[in-house]
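**Student:** show me the folded form of this:
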Amino acid sequence: MNKPLSAADADFDQEVDETAALKREIFVARQPIFDTHSNVFAYELLYRSGNTATAGVIDGNAASSQVILNAFVDMGIEEICQSKPAFLNLTLDFLYGKLPLPLPPGELVLEVLEDIEVTEELVEALKGFAEKGYTLALDDYAFDGDREALIECVDIIKLELPAFEPEVLKTEVARLKKYDVKLLAEKVETHEEFELCRELGFDYFQGYYFSKPKVISGQAIRPNRLPILRALAILQDPDCNINELEQLISNDVSMSYKILRIINSALYSIPRTIDSVKQAITALGLKAIREWMVIITLTDVDDKPQELVTLCLQRARMMQLLAGSQQLNPDVGFTTGLFSSIDALMDQKMEDVLSELPLAKEVVGALLRREGKLGLLLDSVIQFEKGDWDTLKCSDKGLQALQESYTESLQWSQELFSQLADN
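**Tutor:** Presented below is the predicted three-dimensional model:
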C-alpha cells in the first residue's frame with residue numbers, strides 16, 4: 001500500500017478533496033496467472049480505456065504509460081496485485097530506452113510482444129534489463145530462427161494454445177525444455193487443455209478456464225497540460241532551476257499529488273514519509289522526476305495527438321537556436337515557441353490562456369499580434385514549418401539558418417524522450 005502522507009500535509013489532502021470535479025475514472029484490467037496447483041502466481045496488467053472487455057489500443061506507448069501510471073501510482077500496485085508479480089506489456093520504445101521505465105525491478109515481469117522485430121539491438125537491450133534484475137517474458141512464442149535468439153535472454157516463455165496442434169505443442173515444449181526457462185500456457189480454455197499442459201510440463205497457466213480479465217477502476221486527478229509542459233521544458237535545461245521546478249510542481253494539484261504518491265509508494269521503499277515536493281525532488285533526483293513527467297505527459301493524449309506536444313517542443317527549440325542572431329534572449333525565444341500552440345493544447349482562446357500566465361509583455365505581444373523582433377521570428381519559423389515560401393521573406397543566409405535550426409530542432413524533439421532516459 002502507499003504510505004499515508006503525514007499530518008503536516010493535511011492541508012494538501014484537503015485541497016485534493018476540493019478538486020473532485022477535476023477527477024476522472026481510470027481503469028486497469030488484470031488477468032491472473034496460475035501455477036501447477038491452481039494458485040495465483042502473478043497478474044498480467046492490461047490497458048483499458050473504460051469498463052470494457054477489449055483494450056481499444058490506438059497508441060501502444062500511451063497505453064503502456066497509462067497502465068504504469070494507473071496501476072503503480074494512482075491505484076497502488078499492492079492493492080491490484082496483492083504482492084504478486086505484475087506482468088507488463090512494453091512497446092519497442094520502452095525496450096530500446098527511447099521512453100523511460102521509471103519502475104524498479106522488484107516483482108515486475110516485462111513482456112516482449114510477439115510483433116517486435118528481432119534484432120541485435122533488441123537482444124542487447126534485453127540483456128541490459130536482465131542485468132538490472134528485471135524478469136523478462138517472451139509473449140506468444142512461435143519457433144523460428146530469429147525468435148530463438150531471444151530465448152537466452154528471457155526467463156519465461158508464453159505459448160498461446162490455439163496456435164499449436166497438440167503434437168506440435170509437444171514438440172515445441174520438448175525443444176524449449178532444453179533451455180533454462182519457465183513455460184506459461186496462454187489462452188487455456190478447458191479442463192482438458194489444462195491437464196494436457198500440466199502433463200507436458202508447463203509451469204504457469206493463463207486463460208478463460210481460470211478467469212477472464214477483471215477490470216478494476218479508480219480515480220485520478222486530471223493532469224493540467226500547461227504545468228506539465230512547463231515542467232518538461234525546465235527539466236531540459238542542463239542548469240535546471242530546482243527552486244523554479246519545485247514551485248511549479250507545488251502550484252499544480254495534479255502534479256504534486258502524483259509526485260508525492262510516487263515517492264511514498266512501495267516502488268521506492270523510503271523509510272520515512274516524504275511530505276513535501278522539495279523533499280520528493282531531492283529523494284527521487286532529477287532523472288526520476290524527468291521520467292515520471294514523460295509518463296504523465298503520455299497519459300494525457302486521449303483527446304490530443306502526441307505530435308502536438310512534440311511540435312510545441314520542436315518550435316521552442318528552433319526559436320531558441322535562432323534567437324541569438326536576432327539579438328534576443330534564447331530563453332525568451334524558447335518560451336515563445338513553447339506556448340505558440342497553447343491554445344490548441346488547452347482548447348481555449350490564446351488571449352484567455354495567456355491571461356493566466358506570468359509571461360513578459362514581449363512574449364505576449366509576439367504570441368497574440370506577432371509584435372517586435374520576437375513576433376517576426378515566430379512568424380518566420382511557422383511559415384518555414386508550413387513551407388509557406390510565398391509569405392516567407394528572408395535572405396539566403398536567413399533561409400539557411402532556418403533550415404539548419406529546423407533540422408536540429410526536429411532531431412532534438414524526436415530524441416527527447418530518449419535523451420531523458422539517458423540523462
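**Student:** what about the strands in the stretch 51-200 of the chain?
**Tutor:** 86-90, 108-112, 135-138, 156-160, 182-186 (DSSP state E, counting those that start in this stretch).
**Student:** any chance of those strands in a markdown table, with mean pLDDT and mean neighbour count too?
**Tutor:** The way it works is simple: take the backbone N, C-alpha and C, and place the C-beta from them, glycine included. Formatted as a markdown table, those follow (pLDDT from 0 to 100; neighbours: other CB atoms under 10 Å):
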| stretch | mean pLDDT | mean neighbour count |
| --- | --- | --- |
| strand 86-90 | 88 | 22 |
| strand 108-112 | 89 | 22 |
| strand 135-138 | 92 | 22 |
| strand 156-160 | 93 | 22 |
| strand 182-186 | 94 | 23 |
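**Student:** nearest to Gly372, out of those?
**Tutor:** strand 86-90 (46.7 Å; CB to CB).
**Student:** check the offset of that closest one from the chain's centre.
**Tutor:** What separates the centre of strand 86-90 from the centre of its chain is 13 Å, taken as CA atoms, centre = their mean, to the nearest Å.
**Student:** partner strands of it and their direction?
**Tutor:** strand 40-47 (parallel), strand 108-112 (parallel) (DSSP bridges).
**Student:** list the contacts of the last one.
**Tutor:** Around strand 108-112, the neighbours that count as contacts under CB atoms under 8 Å, 6 or more residues apart in numbering are 42, 44, 85-90, 95, 101, 122, 126, 129, 134-139, 150, 154-156, 158.
**Student:** now with 7 Å?
**Tutor:** 42, 85-90, 95, 126, 129, 134-139, 150, 154, 156 (CB atoms under 7 Å, 6 or more residues apart in numbering).
**Student:** hang on, Asp139 packs against Lys158?
**Tutor:** Yes. With contact defined as CB atoms under 7 Å, Asp139 and Lys158 form a contacting pair (5.1 Å).
**Student:** so which of the strands paired with strand 86-90 gets nearest Leu392?
**Tutor:** Across these, closest to Leu392 is strand 40-47 (CB to CB), at 43.0 Å.
**Student:** and the closest one, which residues are buried?
**Tutor:** Phe41, Ala42, Tyr43, Glu44, Leu45, Leu46, Tyr47 (16 or more other CB atoms under 10 Å).
**Student:** quick one, which of the strands of the stretch 51-200 of the chain is nearest to Leu322?
**Tutor:** The nearest among the strands of the stretch 51-200 of the chain, by CB to CB, is strand 86-90 at 37.5 Å.
**Student:** extract the CA atoms of the closest one and return them as PDB.
**Tutor:** The C-alpha coordinates for strand 86-90 follow below in PDB (Å, rounded to 0.1, in the frame of the first residue of the first chain):
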ATOM      1  CA  ALA A  86       2.900  -8.000 -12.300                       C
ATOM      2  CA  PHE A  87       3.300  -8.800 -16.000                       C
ATOM      3  CA  LEU A  88       3.500  -5.600 -18.100                       C
ATOM      4  CA  ASN A  89       3.500  -5.400 -21.900                       C
ATOM      5  CA  LEU A  90       6.100  -3.000 -23.300                       C
END
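**Student:** what angle sits between it and strand 182-186?
**Tutor:** 80 degrees (axes from the mean of the first three to the mean of the last three CA atoms, to 10 degrees).
**Student:** so after the longest helix anywhere in the chain, what's the next helix or strand?
**Tutor:** Ranked by residue count, the top helix of the chain under DSSP state H comes out as helix 277-298. Later in the chain than helix 277-298, the nearest helix or strand by DSSP states H and E is helix 306-323.
**Student:** how far away from the center of its chain is the one helix or strand Val332 maps to?
**Tutor:** Val332 is located in helix 330-338, with elements delineated by DSSP H and E. Offset of helix 330-338 from its chain centre (CA atoms, centre = their mean): 26 Å.
**Student:** and the contacts of it?
**Tutor:** 229, 233, 312, 315-316, 318-320, 322-324, 360, 363, 366-367, 374, 378, 381.
**Student:** just the buried members of the residues you listed?
**Tutor:** For these, buried by 16+ other CB under 10 Å: 229, 233, 312, 315-316, 318-320, 322-323, 363, 366-367, 374, 378, 381.
**Student:** one step back: redo the strands paired with strand 86-90 as a markdown table? Include distance to Glu25.
**Tutor:** Listed next are those as a markdown table, based on distance: least, CB to CB, whole Å:
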| stretch | distance to Glu25 |
| --- | --- |
| strand 40-47 | 15 |
| strand 108-112 | 25 |
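**Student:** closest one to Tyr208 among the ones you listed?
**Tutor:** That would be strand 40-47 among the strands paired with strand 86-90, by CB to CB, at 13.3 Å.
**Student:** dump the closest one to PDB, restricted to CA.
**Tutor:** In PDB, the C-alpha atoms belonging to strand 40-47 read as follows (Å, rounded to 0.1, in the frame of the first residue of the first chain):
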ATOM      1  CA  VAL A  40      -2.300 -17.400  -8.300                       C
ATOM      2  CA  PHE A  41       1.300 -16.800  -9.200                       C
ATOM      3  CA  ALA A  42       1.000 -13.400 -10.800                       C
ATOM      4  CA  TYR A  43      -1.300 -10.900 -12.600                       C
ATOM      5  CA  GLU A  44      -1.000  -9.600 -16.100                       C
ATOM      6  CA  LEU A  45      -1.900  -5.900 -16.300                       C
ATOM      7  CA  LEU A  46      -3.800  -4.800 -19.400                       C
ATOM      8  CA  TYR A  47      -4.800  -1.400 -20.800                       C
END
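**Student:** now the angle from the longest strand along the chain to strand 40-47?
**Tutor:** Looking across the chain with DSSP state E, the single longest strand is strand 23-34. Strand 23-34 and strand 40-47 are oriented at 140 degrees to each other (the same axes, to 10 degrees).
**Student:** keeping just the C-alphas, turn strand 23-34 into PDB.
**Tutor:** This file holds the C-alpha atoms of strand 23-34, laid out as PDB (Å, rounded to 0.1, in the frame of the first residue of the first chain):
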ATOM      1  CA  LYS A  23     -11.100  13.800 -11.200                       C
ATOM      2  CA  ARG A  24     -11.700  11.200 -13.800                       C
ATOM      3  CA  GLU A  25     -12.300   7.500 -13.600                       C
ATOM      4  CA  ILE A  26      -9.400   5.300 -14.600                       C
ATOM      5  CA  PHE A  27      -9.200   1.600 -15.500                       C
ATOM      6  CA  VAL A  28      -6.800  -1.300 -15.500                       C
ATOM      7  CA  ALA A  29      -7.600  -4.900 -16.400                       C
ATOM      8  CA  ARG A  30      -5.800  -7.700 -14.600                       C
ATOM      9  CA  GLN A  31      -5.800 -11.400 -15.500                       C
ATOM     10  CA  PRO A  32      -4.400 -13.900 -13.000                       C
ATOM     11  CA  ILE A  33      -1.700 -16.400 -13.900                       C
ATOM     12  CA  PHE A  34      -1.800 -19.700 -12.000                       C
END
